[in-house]
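Visitor: generate a structure from the sequence data that follows.
(one chain, ligands or ions: 1)
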Amino acid sequence: MKDKVFRMAVMFLSAGLDPENCAIFVQSEVPEHAELHLLFSMMITVPTLTRLPTYQEKKSYLDSYGFLGYPVLQAADICLYNADKVPVGKDQEKHVWLANDLAKRFNATYKKVFREPEALFTDIPMILGSDNRKMSKSYDNHIPLEFTEKQTEKRLRSFYTDPKKVHQGDPGHPQGCPIFLLHRIYTENADKQIAPPCKTGELGCVDCKMILAKNLNASLAPIRERQDELLKNPDYVWDVLATGRDRARARAGNVMEKVRTAMKMNYRGKKK
Ligand code: SF4
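Guide: You can find the predicted model right below:
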């Protein structure tokens, strides 16, 4: 676990998060998340949670309370810092809706403490992975930042593409192709450079993937460079996490104080 935490922090930092401008911390080191999760869990029904698409998707093999209640914990993660805009992928939209709903319920039942958060999407709100499902670490269909250039190329070669385009020369359908979605992020003018030759059949899928590998690797090069530097400097990374935890605890503690006051729970440990 320690190694995973460290590598995740390295990834955040190398991808460009600036610890001067944001708090990078380990959620379990801020116990207020668990406290607000518990209070929120009293305000939501089990059927509401079982209807969420992420639960429906995985319930056949993941049926614990922890998994069912995870979106409530996410709502606590969001509301604890009074976020109003939450950058997420399309698949997480319902979870932000749940956070909005819980914030509204709390404000209406007790006192206005929370902002009502809303999802914030980019132009491409969902990236597809190598198997054409949403790109996700848990499906192992993603491109880890830790991959080398060669590993990235190999993973891209394994990506799902338009099943009707079997041979070069066959006309393709870039819309809905996970490789084209990535081109739209990493290849300049992909709508003009990639889509037309794909549609006419002039561009084959293997060549298309190799163009993407080149552009993606070029874009990841500075991130990989920073990653190598950070891996050689673990003390700095742990210091960032410790500072982030202290900043997060200060903010979260402040909000929880308001929550307890609103719920008239501030009597704890006090003599009459
Ligand atoms: S040519 Fe590229 S965009 Fe077109 S189907 Fe193949 S991989 Fe997808």
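
Visitor: contacts, neighbours, all on C-alpha from now
Guide: Noted.

Visitor: the ligand contacts on the protein?
Guide: When proximity is defined as CA under 6 Å from any ligand atom, the chain approaches the ligand at 161-162, 172-174, 177, 179-180, 198, 203-205, 208-209.

Visitor: nearest to the ligand: which residue in the stretch 151-272 of the chain?
Guide: Residue of the stretch 151-272 of the chain nearest the ligand, by CA to the nearest ligand atom: residue 205 (3.6 Å).

Visitor: distance of residue 259 relative to residue 240?
Guide: Note on residue 259: its distance to residue 240, by CA to CA, to the nearest Å, is 28 Å.

Visitor: so between these two, which is more surrounded?
Guide: Taking other CA atoms under 10 Å, residue 259 and residue 240 do not tie; residue 259 has more neighbours (23 against 19).

Visitor: do I have it right that that one meets residue 113?
Guide: Yes - contact criterion CA atoms under 8 Å: residue 259 and residue 113 qualify, at 6.8 Å.

Visitor: now residue 112: closest residue in space that isn't a chain neighbour?
Guide: For residue 112, ignoring the flanking residues on the chain, the nearest one in space by CA to CA, 6 or more residues apart in numbering is residue 106 at 7.5 Å.

Visitor: I'd guessed that neighbour sits against residue 116; true?
Guide: No - in this structure, residue 106 is not within contact of residue 116 by CA under 8 Å, at 10.3 Å.

Visitor: look up phi and psi at the residue nearest to residue 112.
Guide: Main-chain torsions, residue 106, degrees, to the nearest 10: phi -60, psi -50.

Visitor: cool, the one 10 residues further on as well?
Guide: With angles defined as degrees, to the nearest 10, residue 116 sits at phi -100, psi 100.

Visitor: for residue 134, same thing?
Guide: Given degrees, to the nearest 10, the pair of backbone angles that residue 134 has is phi -60, psi 140.

Visitor: show me where this protein has its helices.
Guide: Using DSSP state H, the helices of the chain run over 2-14, 32-41, 46-50, 53-58, 65-68, 70-79, 93-109, 149-157, 178-186, 190-193, 195-200, 205-231, 234-262.

Visitor: in the stretch 151-272 of the chain, where is pLDDT below threshold?
Guide: 268-272 (pLDDT under 70).

Visitor: list the buried residues of stretch 174-186.
Guide: 174, 177-186 (16 or more other CA atoms under 10 Å).

Visitor: got the helices of the chain as a markdown table, with distance to residue 87 columns?
Guide: Shown next, in a markdown table, are the helices of the chain (distance: least, CA to CA, whole Å):
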| stretch | distance to residue 87 |
| --- | --- |
| helix 2-14 | 15 |
| helix 32-41 | 19 |
| helix 46-50 | 21 |
| helix 53-58 | 18 |
| helix 65-68 | 22 |
| helix 70-79 | 11 |
| helix 93-109 | 10 |
| helix 149-157 | 26 |
| helix 178-186 | 17 |
| helix 190-193 | 24 |
| helix 195-200 | 28 |
| helix 205-231 | 21 |
| helix 234-262 | 18 |
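
Visitor: what's the closest of those to residue 122?
Guide: When these are compared by CA to CA, helix 178-186 sits nearest residue 122, at 10.8 Å.

Visitor: how far does that closest one sit from the chain's center?
Guide: 18 Å (CA atoms, centre = their mean, to the nearest Å).

Visitor: give the other helices and strands that that helix contacts.
Guide: Applying 3 or more CA pairs under 8 Å, 6 or more residues apart in numbering; DSSP states H and E, one finds that helix 178-186 contacts helix 190-193, helix 205-231.
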